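Undergrad: dropping the sequence and predicted coords here.
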Amino acid sequence: MEKELPLRPSSILILMSVGIMAFNFVGFIVSYVLFKEWSERSYYFSENAKNLMNFNLSFALYTFISGILVFLIIGIIIVPVLSILYFIFAIKGIIKYTNEMDYDYPLTIRFIK
């Protein structure tokens, strides 16, 4: 059931994306609160917010594992590659949300269903 949101769902998703990119953990917490508060109001918002949160959780896990692998030298290569991929995928998501399109982030583990 679609209910009125204070902003367009795509605008909220863009703010969530930028917030997570800029403020990492704090941005994720704020995004999670927005998701819990407004997920029942819009199917578009709910599904894309889940994708966004799963994307960020996945890349946090990948970054953590890569940080450990730095001690085995391979992490020195993986960390910058992950950073570049994260930035590219996040910007692509923001562009999709600007056009009010759905976006399934690549390399994402579905933690939140």
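TA: Thanks, I have the structure now. Numbers count the residues shown, from 1 in each chain.

Undergrad: tell me which residues of whatever helix or strand F87 lives in are tucked away?
TA: Secondary structure assigned from DSSP states H and E places F87 in helix 74-98. Within helix 74-98, the residues that count as buried by 16 or more other CB atoms under 10 Å are 75, 78-79, 82, 86, 89-90, 93-94, 96-97. Backbone N, C-alpha and C define where each C-beta goes, glycine included.

Undergrad: now do it, average pLDDT.
TA: Averaged across helix 74-98, pLDDT comes to 91.

Undergrad: below-threshold pLDDT in this structure: ranges please.
TA: 1-5, 23 (pLDDT under 70).

Undergrad: in it, which residue is closest to the centre?
TA: In the chain, the centroid-proximal residue (CA atoms, centre = their mean) is L52; its distance is 3.0 Å.

Undergrad: distance of T63 relative to I73?
TA: T63 sits 17 Å away from I73, taking CB to CB, to the nearest Å as the criterion.

Undergrad: neighbour count for those two, which is higher?
TA: Under the criterion of other CB atoms under 10 Å, the comparison of T63 against I73 puts T63 first, with 16 against 8.

Undergrad: leaving out sequence neighbours, find the closest residue to that one.
TA: Distances taken as CB to CB, 6 or more residues apart in numbering put L82 closest to T63, at 5.9 Å, once the chain neighbours are dropped.

Undergrad: thought that neighbour was touching S58?
TA: No: with contacts counted by CB atoms under 8 Å, L82 stays clear of S58, the gap being 10.4 Å.

Undergrad: okay, the angle between the longest helix anywhere in the chain and helix 74-98?
TA: Secondary structure of the chain read by DSSP state H shows that its longest helix is helix 9-38. When axes from the mean of the first three to the mean of the last three CA atoms, to 10 degrees is applied, the directions of helix 9-38 and helix 74-98 differ by 110 degrees.

Undergrad: quick one: stretch 84-96 to chain centroid distance?
TA: Centroid separation for stretch 84-96 versus its chain: 9 Å, with CA atoms, centre = their mean, to the nearest Å.

Undergrad: return that stretch as PDB; C-alpha atoms alone will do.
TA: The C-alpha coordinates for stretch 84-96 follow below in PDB (Å, rounded to 0.1, in the frame of the first residue of the first chain):
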ATOM      1  CA  ILE A  84      36.900   1.800  -6.900                       C
ATOM      2  CA  LEU A  85      34.100  -0.800  -7.500                       C
ATOM      3  CA  TYR A  86      32.200   0.600  -4.500                       C
ATOM      4  CA  PHE A  87      32.400   4.200  -5.800                       C
ATOM      5  CA  ILE A  88      31.400   3.200  -9.300                       C
ATOM      6  CA  PHE A  89      28.400   1.000  -8.200                       C
ATOM      7  CA  ALA A  90      27.300   3.700  -5.700                       C
ATOM      8  CA  ILE A  91      27.300   6.500  -8.300                       C
ATOM      9  CA  LYS A  92      25.500   4.200 -10.800                       C
ATOM     10  CA  GLY A  93      22.800   3.600  -8.100                       C
ATOM     11  CA  ILE A  94      22.400   7.300  -7.500                       C
ATOM     12  CA  ILE A  95      22.000   7.900 -11.200                       C
ATOM     13  CA  LYS A  96      19.400   5.200 -11.400                       C
END
